[in-house]
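1. Here's my sequence, what's the structure:
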Amino acid sequence: MVGAPTGRAGRWYFIGAKRAPLGLCCTAYPHHPGLRKAYALGYHRYVLRTQRDRAHVQPTPDNPWPRPWPESARIPPLPALPLTEPLRARLRQIRERQMAEHLAGHPQLVCAVFYDEEVVCLIAGGGHAAYLGTDGRIHTENYGEGLEAGVLTDPRDVASTVVRWADAIEMPELIDLLPARPEGAVVCRLCEGRRWEVAESSQWCCRLCRGLGWTLA
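-> As a prediction, the model looks like this:
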């Protein structure tokens with residue numbers, strides 16, 4: 001750990017005497033192309049456009065989505081990504097940079113896990129935060145709804161987080177560590193295995209396979 005925080009308040013570490021609003025916790029590092037687009041268009045305009053695009057691919061009574069996860073199907077948990085030593089080294093470099101930025105006051109406020117564990121911030125803002133540890137575990141917080149912090153183990157939750165935010169730390173190769181399609185699974189019918197739903201002006205993580213690229217039905 002580099003340096004020390006000025007203080008701690010509950011689940012937060014903060015720099016300086018004045019706490020930042022919770023919504024500004026660990027401001028996202030704007031490397032993700034989707035975030036750059038959001039900044040360019042203006043957040044509200046971006047959200048409205050994304051909602052409009054999604055409306056064109058919603059299920060209908062005549063064309064419903066297939067059931068992706070039968071209740072009888074058991075999906076093995078994924079407690080951690082199988083990180084290699086070179087990937088761990090890169091994560092530690094990113095962590096050093098993020099810590100230096102935090103100690104300089106940008107962002108002023110971070111979740112406690114940033115100090116308690118060896119993690120890097122993938123995304124934080126809008127009431128949610130996700131951190132990737134050098135041990136491969138993904139820590140999440142939903143502070144907007146006051147839920148307890150935890151570690152993701154459902155492969156669908158892990159895939160959704162990694163697919164959406166690997167580019168935020170400029171490590172898209174993390175997506176290659178997600179579980180391959182197992183025997184009996186099928187290529188996702190909605191995204192056709194691309195992990196993303198794509199519309200004319202935006203894209204988002206597939207809502208059917210949730211970024212895995214495959215389903216069990």
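2. make it CA atoms for all contacts and neighbour counts henceforth
-> Noted.
3. Which positions in the helix ranked longest in the chain come out as buried?
-> Using DSSP state H, we find that the single longest helix of the chain is helix 85-103. By neighbour count with 16 or more other Cα atoms under 10 Å, helix 85-103 contains the buried residues 87, 91-92, 94-95, 98-99, 102-103.
4. on contacts alone, who are the packing partners of that helix?
-> Under the contact criterion of 3 or more Cα pairs under 8 Å, 6 or more residues apart in numbering; DSSP states H and E, the helices and strands touching helix 85-103 comprise strand 119-125.
5. Name the residues of whichever helix or strand comes after the strand it packs on that are buried.
-> Proceeding N to C from strand 119-125, the next assigned helix or strand is strand 128-133, under DSSP states H and E. For strand 128-133, a neighbour-count test (16+ other Cα under 10 Å) marks 129-133 as buried.
6. Then stretch 204-211?
-> For stretch 204-211, the buried set under the neighbour-count rule, 16+ other Cα under 10 Å, comprises 204-206, 208-211.
7. Let me see the contact set for the closest residue to residue 142 other than its chain neighbours.
-> The shortest distance from residue 142 to any non-neighbouring residue, by Cα to Cα, 6 or more residues apart in numbering, is to residue 128 (4.6 Å). By Cα atoms under 8 Å, 6 or more residues apart in numbering, the contact list for residue 128 reads 140-144.
8. same thing with residue 145?
-> residue 127.
9. residues near residue 182, how many?
-> Other residues within reach of residue 182, judged by other Cα atoms under 10 Å, total 11.
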